[in-house]
Structure formats: structure tokens, C-alpha cells
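S.K.: here is the input, now give the coordinates:
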Amino acid sequence: NTVEAATSQCGIPVLTESDVVITFADDTVPTVTATLGGSDMYNANVKIEIAKSQGGPSSEIRSVSSIQPGETVTLAGGGLYEPGSTLYVTVTVTAPGQTPVVVETSATVTGTLPAHYGHGGGPNVIHVREGAKGRKDGTNWTDAFDSFTVAQKSLAGDATKKEVWVAGKITETFAPSTVTIAAPLVIRGGFTGVEDSIDERPEGTFSTLDGANTYDLLKLSNAAANPLAVERIIFTRAGQLAFVNSGAGVLAVTNCHFNSNQAPKGDVTGRGVYLEGAFTASFTNCTWRGNIKTTGGSTQAQGSAIYAKGLSRLFLDGCLFVTNGMSATGGIQGASPGRDGCNGDCLWMHGTPITARNCHFRGNRSGIRGDTGGVILLSDGSGNSAFTNCTFVGNWGAWAESRIATSAMGKGGGALDIRLSTTGA
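M.R.: Prediction:
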């Protein structure tokens, strides 16, 4: 609090054009560094701005405070720029009691734009791409979401989005909540991330949604006016549920796979597909493989491939079900997976009539204890169901006790278990 202290000043920041360095990655993404000089101590604020035209609006900005002499501030860009164009950089340094230091410089963009740049399906499409690093707003392949959960969330209340395009393998890192779609929607896979139309997809390709045994995957609800269609997606390793659909709108799924949804969780019904609502659902040329109960004890392994409750009807055409239900070690000892509550270990139609045509059920496994069991269960109002030109090979039920006890004797086993509340033809 002396007079001398009151009139003393901080050091003066020094920054010249040579202290500002602009480099470009192979894909034209810029990095700007600014190293401050000066011999006396100061604490400065540094702002780095990138613009596509001299004096034009900034496309990328970074501001950092408390920078001292000799320290470097870095703006690691995220945008892509046209090779051969000029990038303009402005660095502004401010410190207490000193005149701001402003350095302006420029550089010619080098590198090659990635293949996904400038491509996409237009304003009505949400894009999801493995490894996307752009704005992540889903508007095109460059600025695609890198999370399917985040893409789902963006659908809420947005009637302008008609399709979701997925490229590559998306390993999920967020837990989804159920989103109600606001318009008819088609979710498409099989993209590589460079297409402008669905016809440009390579023949026979699929996209993968991977829950890493931690996160659920698709969770959508749709009203009667908003049908939902899904095609060419692999749903795998969900935390509990890979595919959840509810509401009253029609569901049509084509050429999709539901594989290895078997995370070691407690009671889980409908690991592969969980459907609930007064709507019609159809699955065509789809497969369910290895959706199983893996934890032990008196826990449920119900509808591991499909659980459908209250649907108007479920149609299955040309579908394959292999090794769903309980694991190979389940149902043998009291602490094994599927000791209790094994209603329809592969399929449980809970008040849902089913029409299955040209489908194959192979090596699916159920537990048998008390009144539970059955590889396929038709319960409650599931009358008027039909299986036409279908094959059942190697499906079996396992006794779920370490010793035979009459009181616990299983009586609900078999490939097809029918327990209807009403009698229908």
C-alpha cells in the first residue's frame, strides 16, 4: 500500500508474427500456437481466432487466461478447410495496465480433404459416423454424431428429420433414454460415410451398434401416425436391452442382426428385442444369435431373443434364431443361469399373436423348473398364431436343479409352450 506500489506496472507482453505458428494435419485441420515473450512477469489473457477471410467472422476461437512469459497457447482446430485457400489468424494478448498486443498472420492450407467431406443425405437426414470429429450436429458425414444415443436424443420434437444414416461401428458411451419420434422415421445402416444417397451403399454391408456390455442401444417410441423402419444394422453387446420399441406406430425391421446381447446382468426380459404396445411389428431376413442369460441363481431368462407384449401381431419372415436363451452351462445347478422364471427363453409372445413364415430355430435353450420353461412361449391373448414352413432343430430344455425334487419338477418345457387365456384357431 505504498505510493511506489500503487504506481508500479506489470511486465509488457511481447508477441511477434514469428511467435505465431500455423501448421496443418494431413486432412487440412489447422493447429495454431502462440508463444509469449517479455522479460518481466505478467499474467496475460490470450485469444486465438481463425477466419476464412481477412477481417471476416471467426470460424474457431480459443481464449486462455493467466499466461506468463515463455508459455505457449495452442488452438487445436477441428474444422476442415479447402486446400490452397488462405487461413487468417489473429492473436490478441491483453495484460493489466498494458496496451493490447495484436498479431495478424495467415497461411495457405495444405493437406487433402477426407473422403467424407462435402457428402451427406441432406437436411432431413441425421448422420452417425464412427470417429467423427467435426461439429457433431449430425448434418452431414463430416459433422456427424459419433454416438447413436446422442443422435436418438436429437430426434425428440424434431419433425424435420426423416432418416438416420449410420456408418461403420459405433461403440456407445452414453446410456439412452426412450425418445418419442415426431415424424415417420427410417434408420439405415450399411454406409461407409461418403454416400449422398442410399443407392450408393456397398452391397451387403452393415453398420454396427455396440453397447460394450454396458449401454443399451435403440430405445424409441412412436405414435400411430409415425411408423418406424430399421434396416441393415447389427445390434450387439447391449448392457441389458439392444432394441426397445413402444407406442402405437407400425414397426418394420429388415436385414438386421441381434447378436451376443448377454451382458452379466440380473433379471432381463427381451435382451435382443423388447416390444410393448398396440401396434404391428414385422421382422424380415433378420437373425438372433447368442442372446442369452449368463448370470446364475433364481433369475429370469425370458424372451432373450424377442419379448412382445400386447402387440396386434408380430410377423417373422425368413428369420433365424440360433443359441438364444440360457448359456450352455445354465439350468444344471441351483446357482446356474435360468434356474427360475424361464418363460419362453427364446421367444415370449405375451398377449401377442405371431405369424412366423420360413423361419428356423436351432440350438436354443431353456430351463425347466416348476411352471416355467419353453423355448417359445405363447401366453395370454396370443391365439390365432401360426408357424408356417418353419424348422425346429436341436432346441432343448435343461433341468434346473442339482437334485430331482418332485415339488420343483418342471412341467413347462418343450420347443413350443402354449398357455393361452383364450382359445383361438
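S.K.: keeping just the C-alphas, turn stretch 109-127 into PDB.
M.R.: Taking C-alpha atoms only, stretch 109-127 is exported to PDB below (Å, rounded to 0.1, in the frame of the first residue of the first chain):
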ATOM      1  CA  VAL A 109      -4.000 -24.500 -46.300                       C
ATOM      2  CA  THR A 110      -2.200 -27.800 -47.100                       C
ATOM      3  CA  GLY A 111      -3.300 -31.400 -47.000                       C
ATOM      4  CA  THR A 112      -6.000 -33.400 -48.500                       C
ATOM      5  CA  LEU A 113      -9.700 -33.300 -47.600                       C
ATOM      6  CA  PRO A 114     -11.000 -36.600 -46.200                       C
ATOM      7  CA  ALA A 115     -13.400 -38.600 -48.400                       C
ATOM      8  CA  HIS A 116     -16.400 -37.800 -46.200                       C
ATOM      9  CA  TYR A 117     -16.100 -34.100 -46.700                       C
ATOM     10  CA  GLY A 118     -18.900 -32.500 -48.600                       C
ATOM     11  CA  HIS A 119     -21.100 -35.600 -48.500                       C
ATOM     12  CA  GLY A 120     -24.400 -36.500 -46.900                       C
ATOM     13  CA  GLY A 121     -28.000 -37.100 -47.300                       C
ATOM     14  CA  GLY A 122     -29.400 -33.600 -47.000                       C
ATOM     15  CA  PRO A 123     -31.300 -31.600 -44.300                       C
ATOM     16  CA  ASN A 124     -33.800 -34.300 -43.500                       C
ATOM     17  CA  VAL A 125     -31.100 -36.900 -42.600                       C
ATOM     18  CA  ILE A 126     -29.200 -37.300 -39.300                       C
ATOM     19  CA  HIS A 127     -25.700 -38.800 -39.800                       C
END
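S.K.: average pLDDT for it?
M.R.: If you average the pLDDT over stretch 109-127, you get 96.
S.K.: show me what counts as buried in it.
M.R.: By 16 or more other C-beta atoms under 10 Å, the buried positions in stretch 109-127 come out as 109, 111, 114, 116-117, 119-121, 125-127. From N, CA and C alone the C-beta is placed, and that goes for glycine too.
S.K.: show me where pLDDT drops low in the stretch 301-425 of the chain?
M.R.: Low-confidence segments of the stretch 301-425 of the chain, defined by pLDDT under 70: 301, 328-342, 368-373, 398-413, 422-425.
S.K.: how about the strands in it?
M.R.: For the stretch 301-425 of the chain, strands defined by DSSP state E, counting those that start in this stretch occupy the ranges 306-309, 313-317, 320-322, 325-326, 347-350, 354-357, 360-362, 365-368, 376-380, 386-388, 391-393, 396-399, 416-420.
S.K.: give me the contacts around the second one.
M.R.: Taking contacts as C-beta atoms under 8 Å, 6 or more residues apart in numbering, the residues outside strand 313-317 that touch it are 275, 280-286, 306, 308, 349, 352-359.
S.K.: all helices of the stretch 1-150 of the chain, in order?
M.R.: Remark: helices assigned in the stretch 1-150 of the chain by DSSP state H, counting those that start in this stretch are 3-7, 148-154.
S.K.: which one of the ones you listed has the lowest average pLDDT?
M.R.: Lowest mean pLDDT within the helices of the stretch 1-150 of the chain: helix 3-7, at a mean of 42.
S.K.: phi and psi next, for I198.
M.R.: Main-chain torsions, I198, degrees, to the nearest 10: phi -70, psi -20.
S.K.: list the contacts for it?
M.R.: Residues counted as contacts of I198 (C-beta under 8 Å, 6+ apart) are 121, 165, 188.
S.K.: got a markdown table for these, with distance to T99 too?
M.R.: Listed next are those as a markdown table, based on distance: C-beta to C-beta, whole Å:
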| residue | distance to T99 |
| --- | --- |
| G121 | 51 |
| W165 | 52 |
| R188 | 57 |
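S.K.: so what's the residue count around N364?
M.R.: The burial count assigned to N364 is 28, neighbours taken as other C-beta atoms under 10 Å.
S.K.: let the chain start at 33 from now.
M.R.: Understood, numbering begins at 33; the last thing we discussed is N396.
S.K.: quick check: closest non-adjacent residue to it.
M.R.: Spatial nearest neighbour of N396, excluding adjacent residues (C-beta to C-beta, 6 or more residues apart in numbering): C378 at 4.1 Å.
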